[in-house]
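Q: Okay, predicted coordinates and the sequence, questions at the end:
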Amino acid sequence: MEGAGSVMLSQICRHDVVLIVVMSYLLSVAPSSALAASTVDTSTAVLIRVDPSGQGDFKKIQDAIDAVPSNNSELVFILVKPGTYREKIVVPADKPYITLSGRQASSTTITWDDAGDIFGSPTFAVLASDFVGRYLTIENTHGKMGKAVALRVAGDRVAFYNCRILSYQDTLLDDQGRHYYSNCFVQGAIDFIFGNAASLFQKCHLHSVAEGVGTITAQKRMSPEENTGFTFLACKITGNPTGSVLLGRPWGAYSRVIYALTYMSPAVSPLGWDDWGNSSRQSTVYYAEYKCYGPGAGREKRVAWSRSITRQEAEQFLTTDMIGGRGWLRPAPIHFKKGFSAIAVKANKNN
Ligand SMILES: *[C@@H]1O[C@H](CO)[C@@H](O)[C@H](O)[C@H]1NC(C)=O
Ligand SMILES: *[C@@H]1O[C@H](CO)[C@@H](O)[C@H](O)[C@H]1NC(C)=O
């Protein structure tokens, strides 16, 4: 993933480098007024340590999440020691403002093996708003037979940085809300990024393990009024050399997916997109490519109902407006404390 950035930067023109730099700036700076409407202090977090050896506050990640008071109004930073956590985890809707952080995705793994329902199978489910995940591997090891979600994201204002999200079918249920994924590696074969969220994926690596024809996205926007869709900005697509992978197919009639300034390896199917057996959707989907490059990016054989868009058309998707503005992306906290403040908990109860 680290290498992807430099390869791309050398292959795209200065104009676009400027765009990416501006984007990175917009995304990395969360103004101090970001959460002014709420009472949350974003510079200070309650620190909870998870360590399987017993030297932290908890041995299991779920126990640490359970320890956060309902309707917490303080930022919580859960620091996870390297290790393999065999857990199926839920961040409930009444526990916002949690950051869950490993030190390196390669050494901090949350793993489970479940299949069937897309809402029942996830190894990790985020139902809370204002969640941040950092330096974690989240995997569903079930394999090829059936829907096996690794990560479901159903809260609003959720961000993942430097994470690895691994499964085969339906890896990332990008369900609802506004989300930002930066420097993440997402692996799967069939519809491996799907759902009806509004999401910006920046500098992410999408890797297909399909042996036949796989599909990266199945975005579910259902009407022109919905402001949802997936944008991939400066990403990289690779795949199993014995298979090929489509960029997307419409789970919803108004499915919207944009790939911009993205490297596409030969694994990307020349047709690019599929209508999932329903040709009436060809006229309602919005499937666009903007200045993608690499052996799989040629548009000669692309389905005629996909589009190559201009800079002007692309711009609306390449700003954080797509995910509701930059206000909610918060920097990592700089001060830590132990324990929840009694005043905050009390104030919460009274409200
Ligand atoms: C948390 O907030 C919700 C919604 O306002 C409320 O229904 C619930 O009772 C609260 N829980 C606690 C423990 O205060
Ligand atoms: C095809 O898609 C349209 C628009 O979403 C829908 O109304 C129709 O029922 C679909 N047809 C089939 C056969 O699924």
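A: On my side now, so go ahead. Please read all numbers here as calculations on a predicted model, not as lab measurements. Numbers count the residues shown, from 1 in each chain. Ligands and ions are numbered 1, 2, ... in the order given.

Q: Show me which residues of the stretch 51-200 of the chain sit near ligand 1.
A: Within the stretch 51-200 of the chain, the residues that sit near ligand 1 (Cβ under 6 Å from any ligand atom) are Ser70, Asn71, Asp94. Where C-beta positions appear, they are placed from N, C-alpha and C, glycine not excepted.

Q: one more time with 8 Å, if that's ok
A: When proximity is defined as Cβ under 8 Å from any ligand atom, the stretch 51-200 of the chain approaches ligand 1 at Pro69, Ser70, Asn71, Asp94.

Q: Dump the residues you listed into JSON lines; add neighbour count, pLDDT and secondary structure as well.
A: Below are those laid out as JSON lines (neighbours: other Cβ atoms under 10 Å; pLDDT from 0 to 100; DSSP: H, G, I helix; E, B strand; the rest coil):
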{"residue": "Pro69", "neighbour count": "16", "pLDDT": "96", "secondary structure": "coil"}
{"residue": "Ser70", "neighbour count": "11", "pLDDT": "97", "secondary structure": "coil"}
{"residue": "Asn71", "neighbour count": "12", "pLDDT": "96", "secondary structure": "coil"}
{"residue": "Asp94", "neighbour count": "12", "pLDDT": "98", "secondary structure": "coil"}
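
Q: just the residues you listed now: which is nearest Val285?
A: Using Cβ to Cβ, Asp94 comes nearest to Val285 of those, at 36.0 Å.

Q: show me what contacts the closest one?
A: Ser70, Asn71, Ala128 (Cβ atoms under 8 Å, 6 or more residues apart in numbering).

Q: What values do phi and psi take at it?
A: Phi and psi for Asp94, reported as degrees, to the nearest 10, are phi -90, psi 10.

Q: Could you report the distance from it to Asp174?
A: 22 Å (Cβ to Cβ, to the nearest Å).

Q: need the contact list for Arg249.
A: Here Arg249 is in contact with Asp191, Thr215, Thr217, Ala218, Ser255, Trp273, Asp274, Asp275, Trp276 (Cβ under 8 Å, 6+ apart).

Q: The closest residue to the first one other than its chain neighbours sits in which helix or strand?
A: Nearest residue to Asp191, sequence neighbours excluded (Cβ to Cβ, 6 or more residues apart in numbering): Ala218, at 3.8 Å. Element membership for Ala218, per DSSP states H and E: strand 213-219.

Q: who touches Phe160 in this structure?
A: Per Cβ under 8 Å, 6+ apart, neighbours of Phe160: Val132, Gly133, Arg134, Val153, His179, Tyr180, Tyr181, Ser182, Cys184.

Q: quick revisit: in the residues of the stretch 51-200 of the chain next to ligand 1, find the pair that's most separated.
A: Pro69 and Asp94 (9.1 Å).

Q: Three-state assignment for the residue lying closest to Gly339 once chain neighbours are set aside, please.
A: Nearest residue to Gly339 in three dimensions, chain neighbours excluded: Val46, at 6.6 Å (Cβ to Cβ, 6+ apart). What DSSP: H, G, I helix; E, B strand; the rest coil gives for Val46 is strand.

Q: Could you measure from the residue of the stretch 51-200 of the chain found nearest ligand 2 over to Arg256?
A: At 14.0 Å from ligand 2, Asn196 is the closest residue in the stretch 51-200 of the chain, using Cβ to the nearest ligand atom. Per Cβ to Cβ, Asn196 is found 10 Å from Arg256.

Q: Show me the common contact partners of the two, please.
A: Contact criterion Cβ under 8 Å, 6+ apart; residues shared by Asn196 and Arg256: Gln219, Arg221, Thr228.

Q: The last one contacts Arg221, doesn't it?
A: It stands for Thr228. Yes. Counting by Cβ atoms under 8 Å, Thr228 touches Arg221, with 4.8 Å between them.

Q: For these two, indicate the residue with more neighbours.
A: Arg221 (26 against 23; other Cβ atoms under 10 Å).

Q: what residues does stretch 106-120 touch?
A: By Cβ under 8 Å, 6+ apart, stretch 106-120 touches 61, 80-89, 102, 121-124, 135-142, 145-149, 152, 164, 170, 173.

Q: Could you tell me which of those residues count as buried?
A: 61, 80-81, 83, 85, 88-89, 102, 121-124, 135-140, 142, 147-149, 152, 164, 170, 173 (16 or more other Cβ atoms under 10 Å).

Q: Look up which residues are beta-bridged to the residue nearest the centre of the chain.
A: Of all residues in the chain, the one closest to the mean position by Cα atoms, centre = their mean is Tyr181, 4.0 Å from it. Counting by DSSP bridges, Tyr181 is bridged to Phe160, Phe201.
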